[in-house]
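In: Using only what follows, build the 3D model:
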Amino acid sequence: MQTWIVTGGAGFIGSNFVRLALARTASRIVVYDKLTYAGSLASLAEVRDDPRLVFVQGDIADRQAVGRLLEVHQPEVVVNFAAESHVDRSIDDPGAFIETNIRGTWVLLEESRRMLAGRAASERESFRFLQVSTDEVYGSLGEEGAFSETTPYAPNSPYAASKAAADHIVRSYQRTFGLGAVITNCSNNYGPFQFPEKLIPLMILNALDARALPIYGDGGNVRDWLYVEDHCEGLLRVIEAGRPGEKYNLGGNCELTNLELVDHLCAILDRLRPPEANPHMRERGLGSYAELKTFVADRPGHDRRYAIDASKARRELGWMPRNDFETGLLRTVEWYLGNRAWCRAVQADNYDRQRLGLDHDTVRS
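Out: Numbers count the residues shown, from 1 in each chain. You can find the predicted model right below:
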């Protein structure tokens with residue numbers, strides 16, 4: 001039985017990956033998570049009784065703790081999801097992103113290299129370090145084109161810059177030390193267990209409470225959307241068949257403006273939770289959730305458009321998304337409607353869905 005260490009495995013994408021890995025593989029999964037505001041054991045509740053799951057609380061930037069973790073569990077695979085990941089928060093506090101995303105990634109790499117020094121050559125060769133990154137490292141696109149694995153990095157936010165730096169460090173460890181490292185860059189994920197600071201769950205929960213649906217700028221910023229389970233299936237394929245030293249873009253081939261996305265969400269909610277049956281909406285005399293849309297001051301440095309070319313992953317790994325956007329978005333809305341207790345629990349005492357990422361020169365709306 002292989003042992004996989006999954007850092008950040010109690011977060012959004014990480015917890016979805018852990019559930020899928022337990023269902024699709026025979027591996028023992030060791031989740032290592034700091035349990036910050038965005039990580040919760042509640043996201044792993046349905047698999048906590050699986051005997052192949054081990055949970056260890058800790059910080060990837062704590063070199064002594066990471067060293068002990070690897071020494072005790074001797075993994076064949078390390079999957080690094082652990083990261084500060086919200087662009088708005090990176091504007092408020094860039095330092096946390098430098099510490100976790102850059103230093104933390106270096107600690108994982110260095111301690112992995114130290115662990116492997118005592119292994120046989122065949123074991124060093126088969127070891128895999130998967131760095132789960134983002135399309136935001138590439139910067140902003142114009143009206144045409146898509147990011148490929150050879151697109152130069154041009155990050156425009158502290159978050160994107162910290163992930164870009166981490167990717168470069170991972171690449172250097174593969175090239176310099178021969179570490180079996182692979183990097184993936186994904187487009188915007190959506191689905192169950194996403195912390196409500198992100199666009200889709202924020203809009204769903206605000207709509208249900210008849211709170212404003214804040215849309216940055218003119219709402220014309222374009223993102224490529226990927227259902228989280230499809231992303232996790234792609235990551236499994238990278239672990240199985242990805243080549244060390246390679247990068248693989250994983251995208252949903254689904255470009256929407258933020259305004260279009262919010263309109264889709266409002267239409268689904270109008271069907272599933274009719275405004276006339278929602279006391280918050282009745283109190284405000286509103287007949288559609290779309291009436292809650294509110295345009296606010298744009299995010300500083302807001303990238304205009306992202307799009308992913310995932311043809312390499314399709315060609316080399318045989319991966320492509322299985323869920324179309326309409327199906328994935330409906331499943332996502334239904335999950336949040338049916339899991340309000342989880343939403344309340346993860347927000348309790350640390351987040352009231354307030355606006356984040358406003359620097360001193362930005363008008364507060």
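
In: Next, count neighbours for His302.
Out: Under the neighbour criterion other Cβ atoms under 10 Å, His302 is assigned a count of 15. Any C-beta I mention is one placed from the backbone N, CA and C, and that applies to glycine too.

In: ok, so what distance separates it from Tyr216?
Out: Separation of His302 from Tyr216 (Cβ to Cβ, to the nearest Å): 6 Å.

In: now do Phe295
Out: 8 Å.

In: Neighbour count: these two, which is higher?
Out: Tyr216 (20 against 15).

In: quick one: contacts for that one?
Out: Residues near Tyr216 by Cβ atoms under 8 Å, 6 or more residues apart in numbering: 258, 296-299, 302.

In: Likewise for Gly301?
Out: 91, 156-157.

In: helix or strand for it, which one?
Out: Under DSSP states H and E, no helix or strand contains Gly301.

In: pLDDT score for the residue lying farthest from the centre of the chain?
Out: Distance from the centre of the chain peaks at Gly285, with 36.4 Å (Cα atoms, centre = their mean). We have a pLDDT of 97 for Gly285.

In: Any chance of the backbone angles for it?
Out: In terms of degrees, to the nearest 10, the main-chain angles of Gly285 are phi 70, psi 30.

In: Output the longest helix belonging to the protein.
Out: Assignment by DSSP state H gives helix 158-177 as the longest helix of the chain.

In: can you give me the strands in the protein?
Out: All strands of the chain, identified by DSSP state E, fall at 3-7, 28-33, 53-57, 77-80, 128-134, 181-186, 188-190, 213-216, 222-227, 247-250, 255-257, 293-296.

In: Arg175 contacts Ala181, doesn't it?
Out: No: contact criterion Cβ atoms under 8 Å: Arg175 and Ala181 do not qualify, at 9.1 Å.

In: ok, back up a step: identify the farthest-apart pair in the contacts of Tyr216.
Out: Maximum pairwise distance among the contacts of Tyr216 (Cβ to Cβ): 14.1 Å, between Asn258 and Ala297.

In: Which one's more surrounded, these two?
Out: Asn258 (19 against 14).

In: Next, count neighbours for Gly142.
Out: Neighbour tally, Gly142, other Cβ under 10 Å: 7.

In: With Arg211 instead?
Out: For Arg211, the tally of surrounding residues (other Cβ under 10 Å) stands at 16.

In: how much space between it and Tyr32?
Out: Arg211 sits 35 Å away from Tyr32, going by Cβ to Cβ.
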